[in-house]
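> here's my sequence, what's the structure:
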Amino acid sequence: YLIQTDAVKRYLLPQMNYRENLQWLAYAEEADILNVALFGFTAKAWREANPELAKKNNVRDFATINELTVLSNLESHNAQMLKEGKKKEERFEILREIAEYQLNVLNAAEEIKMIESDGGMPEV
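Below you'll find the predicted structure:
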């Protein structure tokens, strides 16, 4: 999160006038923008749906390597857009499109690798 949290600190918090003890809200909100763009739900929604798992884990602990790769890319994109002063709604739409595109590319490449390593076509 370092790239994104630095961007939140530099570009978002100074404009928000949060009290110091409430600054974490901006960080959580930005993390949830990424969660919804990639996974389709917030961290809170995941915790509520998975109370036992949530005692020791978070949603990202169950992400695939492709999802984690895309998440890292989304953090960098979001940090840049924060720096540029883009509004939350615009950033979310862009991040959602990036997530969908990158995840499709990575998942398709993984499927091709699996087919090639099996020596042919997948069984039906």
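
> buried stuff in the top helix by length along the chain?
Secondary structure of the chain per DSSP state H: the longest helix is helix 88-118. For helix 88-118, the buried set under the neighbour-count rule, 16 or more other CB atoms under 10 Å, comprises Arg91, Phe92, Ile94, Leu95, Arg96, Ile98, Ala99, Gln102, Leu103, Leu106. For every residue, glycine as well, the C-beta is placed using N, CA and C.

> could you dump the residues you listed into a markdown table and include pLDDT?
As requested, those are exported to a markdown table (pLDDT from 0 to 100):
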| residue | pLDDT |
| --- | --- |
| Arg91 | 96 |
| Phe92 | 95 |
| Ile94 | 98 |
| Leu95 | 97 |
| Arg96 | 97 |
| Ile98 | 98 |
| Ala99 | 98 |
| Gln102 | 97 |
| Leu103 | 97 |
| Leu106 | 96 |
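
> switch those residues over to TSV; also include distance to Ala28.
Below are the buried residues of helix 88-118 laid out as TSV (distance: CB to CB, whole Å):
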residue	distance to Ala28
Arg91	16
Phe92	15
Ile94	20
Leu95	16
Arg96	19
Ile98	21
Ala99	19
Gln102	24
Leu103	23
Leu106	27
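
> in this structure, where is pLDDT below threshold?
By pLDDT under 70, the low-scoring segments of the chain are 1-2, 4-5, 12-24, 119-124.

> who are the neighbours in contact with the residue nearest to the spatial centre of it?
The chain has Leu34 as the residue nearest its centroid, 3.3 Å off, counting by CA atoms, centre = their mean. If you count contacts by CB atoms under 8 Å, 6 or more residues apart in numbering, Leu34 has them with Gln4, Leu71, Leu74, Glu75, Asn78, Leu95.

> rewinding a little: which one of the buried residues of helix 88-118 sits closest to Glu84?
Distance to Glu84 across the buried residues of helix 88-118 (CB to CB) is lowest for Arg91, with 9.3 Å.
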